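Here's a sequence, model it:
(chains A and B)
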Amino acid sequence: MEPTLKFFSGFAPNDLWFMGEAALRTLWISVLSISLGTVLGTLFGWMLYEGRRAAALTLAPVLDVFRSVPLIIQLVLFYNFAPIMGLNLDPFASGTVILTVYTAALVANVARGGIEAVGAPIRRAARSLGMSYWRDLRHVVLPIGGRAVFPSWVGVALGVMKDSALVSVLGYVELLKASQILITRTQEPFLILALAGAFYFALSYPVSRYATHLENRWAQ
Amino acid sequence: MFDYNFHWRPVMKSLPDLLEAASLTLQVAVLAMVLGIVIGLCLALARLHLRGPVYWFATAWVELARNTPALFQLFFFGFGLGAFGLHLSPYLIVLAGLSFNCAGYLAENFRGGFKAVPETQIRASRSLGMTPWQAYSRVVIPQVFRIVYHPITNQMVWAVLMSSLGMLVGFRELSGETQFFASRTFRIFEYFAVTAVIYYVIVKVILLSSRLMAARLFRY
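Coordinates of the predicted model:
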């Protein structure tokens, strides 16, 4: 009674290539949305700081929504809402938009904290030296405040990198989705998950260690 | 502008089911937090006071939980353990995954909390005649609790948001239930919009009650 038909084929070297490509896609969508989100979030953070009452009533609640609703729900909602608005976005574009706004919502708080970390006397001193508002922001607030919140920014960025796995819910084949596909075919979940996990770990662990190291050095 | 008719009636009809699923979400999140706090406390103490294999086990747990995506951890408890013939129910997968994750993050918070209490205080209370247990429970723990109170609240919010990943492992909590209804009626946007509101309300209630409790707990 030998089985004549085999449904599952083992893990082949070719599949490693498939996973590598998927890992690059994870990397690409993370880098893109973290960079865009950081720029947008810094702008929001500055608006929250300067806008005071007006920003607290308008911008802050909107950003708060993105922090209070699960990312996966945001992704599904936006992916299904875009066609209603007449936009036809593929999973990658929808994922990037939501991840960017999500990053921005998180970075906004970090950035505001950074601006607040720069003492008023330093800023007044900068203005008294004849710096314009923007030069003060660029040459005084950015280096000092940026340094103060750099570790929390790294935390946000790594969090978004890990959360980018959720874009798979829209059908974007990033690393974790690719692993799932391979598991279904090869029935070797342990090996494949270990590979995927090792990739995330190898990316996240050194960066977080380096951020802690910098934090300790700057704290002295 | 909209070429789309919103149909809210099916959503309203299944609202009781959604709310019941929301209570399941809360239940699994609270359970995961309780387990996470207990395990996290053990991990933190192991990393602070022990050497050898226990220290390395605790460190590996914390670093794995913090440096891989939560979805990966759920997949691991789902498919990964399946490789060893251990098939957990979706409920247990989510509970185990969330507890693993929360324990890792909380352990770091607890460790920071314990480190913030100077060792001289323990020595001082010991020389006042307190037993080690008294020193810990009356001097150290109350201070640590104050430090980790806000991180615990944040982690609770994260636990609720992360439980939405249950949708991807076939668990019918709030998100899973929503997807079930959405795919039956094709009213995807409407269903997920209502679910987003429910999540938002849950998160706000948690934050508000945490703030009220803090006002009572930390009066002095």
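
Okay, now the unreliable bits of chain B?
The model of chain B has pLDDT under 70 over residues B:1-3, B:220.

again with chain A
In chain A, residues with pLDDT under 70: A:1-8.

Longest helix of the chain, counting residues only.
Chain wasn't specified; assuming chain A. When chain A is parsed with DSSP state H, its longest helix is helix A:13-51.

The intended chain is chain B.
helix B:15-49.

where's B:Leu19 relative to chain A, distance?
16 Å (CB to the nearest CB, to the nearest Å). (C-beta placed from N, C-alpha, C; glycine too.)

What distance do you get for that residue to B:Ser163?
Counting by CB to CB, to the nearest Å, the gap from B:Leu19 to B:Ser163 is 15 Å.

mind listing the helices for the chain?
Here I'm looking at chain A. For chain A, helices defined by DSSP H occupy the ranges A:13-51, A:53-57, A:59-68, A:71-81, A:91-117, A:120-128, A:133-136, A:142-163, A:175-186, A:189-219.

try chain B instead
Under DSSP H, chain B gives helices at B:9-13, B:15-49, B:53-67, B:70-75, B:81-82, B:90-116, B:119-127, B:132-135, B:141-162, B:174-185, B:188-217.

Please list all residues in contact with B:Leu45.
Applying CB atoms under 8 Å, 6 or more residues apart in numbering or on different chains to B:Leu45 gives the contacts B:Phe110, B:Phe114.

ok, now the one 3 residues further on?
The neighbourhood of B:Leu48, defined by CB under 8 Å, 6+ apart, consists of B:Arg111, B:Phe114, B:Lys115.

among those, which ones are buried?
B:Arg111, B:Phe114 (16 or more other CB atoms under 10 Å in any protein chain shown).

Need the nearest residue in space to the residue positioned nearest the centre of chain B, chain neighbours excluded.
Nearest to the mean C-alpha position of chain B, by CA atoms, centre = their mean, lies B:Ala159 at 3.1 Å. Excluding its sequence neighbours, the residue lying closest to B:Ala159 (CB to CB, 6 or more residues apart in numbering or on different chains) is B:Ala29, at 4.1 Å.

if we can go back for a sec, now distance to A:Arg112 too, for the contacts of B:Leu48, in a markdown table please.
Shown next, in a markdown table, are the contacts of B:Leu48 (distance: CB to CB, whole Å):
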| residue | distance to A:Arg112 |
| --- | --- |
| B:Arg111 | 28 |
| B:Phe114 | 30 |
| B:Lys115 | 27 |
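
Quick check: of the contacts of B:Leu48, which lies closest to A:Ala117?
Nearest to A:Ala117 among the contacts of B:Leu48 is B:Lys115, at 22.3 Å by CB to CB.

neighbour count winner among B:Leu19 and B:Ser163?
Using other CB atoms under 10 Å in any protein chain shown, the more surrounded residue of B:Leu19 and B:Ser163 is B:Ser163, with 29 against 12.
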